[in-house]
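Student: Predicted model and sequence below, questions to follow.
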Amino acid sequence: MARPSGRSRKRHWRGEVGAQDGTPAEPIRLQIDTLGRRGDGVARHGGRAVYVAQTLPGEELTVRLGEADGDGVRAEAIELIEASPQRVEPPCPHFGPCGGCSVQHVSDPLYAEWKLGIVRTALDRAGFAGTPMLPIARSAPGTRRRAAFRALRGERSVFLGFSERASHRIVDVTDCRVVVPSMMPLLTALRALLGDMLAVRQSAVAEVTATDGGIDMLLEVEAEATLPLRERAAAFASEQGLARLTVRWGDMQEDPIVAARPATVTFDGIPVPVPPGTFLQATRSGEDALRGFVLGALSSGSRPGRIVDLFAGCGSFALPLARLAPVLAVEGDEAALEALAMAARAAGLPVRTELRDLAKRPLRADELAASDVVVFDPPRLGAKAQAEQIADSPVRQVFGISCNPSTFARDAAVLGAAGFALESVLPVDQFLWSAHVELAGRFRR
Ligand SMILES: C[S@@+](CC[C@H](N)C(=O)[O-])C[C@H]1O[C@@H](n2cnc3c(N)ncnc32)[C@H](O)[C@@H]1O
């Protein structure tokens, strides 16, 4: 899109939509009204919402209408006629095509206000307007400790990076301002390794985690395990100084290639030997903020007798909470739960674990009856069935943690109908420059 300065930014719109029948639509002139839920500028045209990537409220531009998107239509920006004073230079060279970040062009105050607005809108819709909200806890650039890099072997080279926006194509990433800087130098050597492992059009995913012992990598490759490839992978791990490298070849089980140093993560001073590719909160500071919200609330006032931590993962809440009271930690991932149990034993903490699919078999109201406090931190889909059991139980204090304000609000409404008040909410931004936002809420009745 041409800017008033005359400097072309058209490359930022590479891969955007075109007209449905293949003939380009006539350009139209629009003014952007709001910054939408996904970070697109939103305008109105012919009674429909028009979504334009990388634009800002107040901006005037010409666009070409493209594919339908829900009730609205997506549009390709052609020329920026009037730029917003809130527009800033995106710090990353991949901004635009890369699907990882959608709002690097937004000034910091507008960015923070937009993230808060996402949380507020979800709460308002579920009947929690006016809930006291703490200041948003923000993670700095270069602090994301988990990333999944996708790879595809092309005819001449390996593409390695993140998915393009609204596409399966891969942006070949050489620089990322979001992840911890120690991940970046690995990418060149990883491209070379995958060039040896993959045939043309074969793919791989490298799940990279920054642990206390260094980088932990789980590499899922379409290739077959052979002795030379296992040796090549081991050489890569030692040259790059990885703490651990595990490879999943095709559909096979995990193959431990190198374990040079323990891959541990420390939760509030408690070390946990995390399994390859396990779930962790995206940033350490985000995790500290979420845990601080729960621990801070429980550390003042009378001590709880027993706590249940549902969707406990490797124990980021359960382990520190066990310093206050015995904890039952329930989780569906066996390896994560085993890591949690090992850490609890080593630290001498009173944690009982239960492996359970909480979507199919939520902890029932009668099983929750002996607990004073429930913490639940489900995946994006939320935990409606579990919230219904909590609502029917005699539990009086609940902490909900979520990476999805919409499902959080839906589940909160279930608790609200059973007499719980949502006393306060902490928004947490650990997915920098993306449309994701986390939150923690305290419910009491
Ligand atoms: C958002 S993570 C939270 C983990 C942990 N509380 C933390 O802060 O690291 C959600 C957790 O729920 C687990 N999970 C997902 N679906 C589940 C299910 N149906 N039953 C039980 N656990 C599930 C995942 O394995 C993951 O550990």
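Tutor: All right, it came through fine.
Student: At the contact with the ligand, which residues of the chain appear?
Tutor: Within the chain, the positions adjacent to the ligand are 279-281, 311-313, 316-317, 331-333, 336, 357-359, 377-379 by C-beta under 6 Å from any ligand atom. In short, each C-beta sits where N, CA and C put it, glycine included.
Student: Please indicate which of those residues are buried?
Tutor: Buried subset of the residues of the chain next to the ligand (neighbour count, 16 or more other C-beta atoms under 10 Å): 279-281, 311-313, 316-317, 331-333, 336, 358-359, 377-378.
Student: show me where this structure has helices.
Tutor: 108-125, 186-197, 227-240, 284-299, 318-321, 334-347, 365-368, 384-392, 405-417 (DSSP state H).
Student: what comes up buried for stretch 187-205?
Tutor: Neighbour-count burial for stretch 187-205 flags L187, L190, R191, L193, L194, M197, L198, S203, A204 (criterion: 16+ other C-beta under 10 Å).
Student: Against Q240, how distant is the second one?
Tutor: According to C-beta to C-beta, to the nearest Å, L190 stands 8 Å off from Q240.
Student: just the fifth one next, same as before
Tutor: Using C-beta to C-beta, L194 is found at 13 Å from Q240.
Student: Show me whatever sits in contact with both of the two.
Tutor: Common neighbours of L194 and Q240, using C-beta atoms under 8 Å, 6 or more residues apart in numbering, do not exist here.
Student: what about this structure, any weak spots by pLDDT?
Tutor: Judged by pLDDT under 70, the chain has its weakly predicted residues at 1-24.
Student: What residue spans form the domains of it?
Tutor: 10-82, 111-140+280-444, 146-263 (automatic domain parsing).
Student: Highest mean neighbour count out of these?
Tutor: With neighbours defined as mean count of other C-beta atoms under 10 Å, the domains of the chain peak in mean count at domain 111-140+280-444, which reaches a mean of 19.
Student: Now find how far off-centre it is within its chain.
Tutor: Distance of domain 111-140+280-444 from the chain centroid (C-alpha atoms, centre = their mean, to the nearest Å) equals 16 Å.
Student: now swap in stretch 271-278 and tell me
Tutor: Using C-alpha atoms, centre = their mean, the offset of stretch 271-278 from its chain centre is 18 Å.
Student: what's that stretch in contact with?
Tutor: In contact with stretch 271-278 (C-beta under 8 Å, 6+ apart) are residues 207, 209, 211-212, 216, 218, 244, 246, 254, 262-266, 280, 313-315, 319, 333, 335-336, 338-340, 342-343, 346.
Student: Now with 6 Å, please.
Tutor: Applying C-beta atoms under 6 Å, 6 or more residues apart in numbering, the external contacts of stretch 271-278 come out as 207, 218, 246, 262-265, 314-315, 335-336, 339, 343.
Student: would TSV of these with distance to G100 be doable?
Tutor: TSV is the format used below for the contacts of stretch 271-278 (distance: C-beta to C-beta, whole Å):
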residue	distance to G100
E207	15
L218	19
T246	24
P262	29
A263	24
T264	27
V265	22
C314	24
G315	28
A335	27
A336	25
A339	28
A343	31
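Student: Pick the one among the residues you listed closest to A325.
Tutor: Using C-beta to C-beta, G315 comes nearest to A325 of the contacts of stretch 271-278, at 14.7 Å.
Student: my read: the closest one touches L340, true?
Tutor: Yes - in this structure, G315 is within contact of L340 by C-beta atoms under 6 Å, at 3.7 Å.
Student: how far away is L358 from Q386?
Tutor: Distance from L358 to Q386, by C-beta to C-beta: 6 Å.
Student: Same question for I136.
Tutor: Distance from I136 to Q386, counting by C-beta to C-beta: 26 Å.
Student: same check, this time on T283
Tutor: 26 Å.
Student: Report the spatially nearest residue to the closest residue to the ligand within the stretch 51-200 of the chain, omitting neighbours in sequence.
Tutor: For the stretch 51-200 of the chain and the ligand, the shortest gap (C-beta to the nearest ligand atom) falls at R146, measuring 10.6 Å. Nearest residue to R146 in three dimensions, chain neighbours excluded: T209, at 5.1 Å (C-beta to C-beta, 6 or more residues apart in numbering).
Student: beta partners of the one you found?
Tutor: R146, D216 (DSSP bridges).
Student: Just to check, it is in contact with M217?
Tutor: No - in this structure T209 lies outside contact range of M217 using C-beta under 6 Å: 7.7 Å.
Student: Against the ligand, how distant is L426?
Tutor: As for L426, its distance to the ligand is 14 Å (criterion: C-beta to the nearest ligand atom, to the nearest Å).
Student: ok, which stretches of the stretch 51-200 of the chain are strands?
Tutor: Secondary structure of the stretch 51-200 of the chain (DSSP state E, counting those that start in this stretch): strands located at 60-69, 72-82, 137-138, 146-153, 158-163, 170-172.
Student: Let's have those strands in a markdown table, adding distance to Q54.
Tutor: Output for the strands of the stretch 51-200 of the chain, formatted as a markdown table (distance: least, C-beta to C-beta, whole Å):
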| stretch | distance to Q54 |
| --- | --- |
| strand 60-69 | 10 |
| strand 72-82 | 7 |
| strand 137-138 | 22 |
| strand 146-153 | 22 |
| strand 158-163 | 17 |
| strand 170-172 | 15 |
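Student: Any idea which of these gets closest to A409?
Tutor: Smallest distance to A409 across these (C-beta to C-beta): 19.1 Å, for strand 137-138.
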